[in-house]
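In: based on what follows, work out the 3D shape:
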Amino acid sequence: TIQAEFVFAGDNFLTLYVDGDQVISPTLTKPFGYRTASSVTLTLGAGDHIIGAMVQNADPSWAVNALGLIGAVWILDSTGNR
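Out: Here you go, the predicted model:
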């Protein structure tokens with residue numbers, strides 16, 4: 001097994017999935033939450049894993065505005081360091 005840290009931000013709201021499980025949820029009362037990245041550390045088994053993300057605008061009328069997603073996945077050593 002490995003420890004992996006997922007650090008992601010999405011404009012405006014981000015939902016992050018790892019292997020089909022929701023691991024980062026949007027805070028709908030904070031439409032500018034994308035200004036700070038969310039992170040989660042997971043223990044993963046050996047092998048391949050699937051990362052999925054959903055990014056939504058704060059207001060459906062903004063549908064023509066671009067969405068943004070940025071993220072990194074860090075494999076941690078035995079002391080929890082990147």
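
In: correct me, but G80 touches I2?
Out: No - using CB atoms under 8 Å, G80 makes no contact with I2, being 11.8 Å away. Yep, even glycine has a C-beta here, placed from its N, CA and C like the rest.

In: those two - which one has more neighbours?
Out: Per other CB atoms under 10 Å, whichever of G80 and I2 has more neighbours is I2, with 12 against 9.

In: I'd say the more buried one and T41 touch.
Out: No - with contact defined as CB under 8 Å, I2 and T41 do not form a contacting pair (10.6 Å).

In: so what's in contact with these two at the same time?
Out: L76 (CB atoms under 8 Å, 6 or more residues apart in numbering).

In: who touches stretch 59-73?
Out: 4-11, 14, 16, 34, 37, 51, 53, 55-57.

In: how far is stretch 41-60 from where the chain is centred?
Out: 5 Å (CA atoms, centre = their mean, to the nearest Å).

In: name the SS class of the residue of the chain most remote from its centre, please.
Out: Note on the chain: the largest C-alpha distance from the chain mean falls to S61, namely 24.0 Å (CA atoms, centre = their mean). When classified by DSSP: H, G, I helix; E, B strand; the rest coil, S61 comes out as helix.
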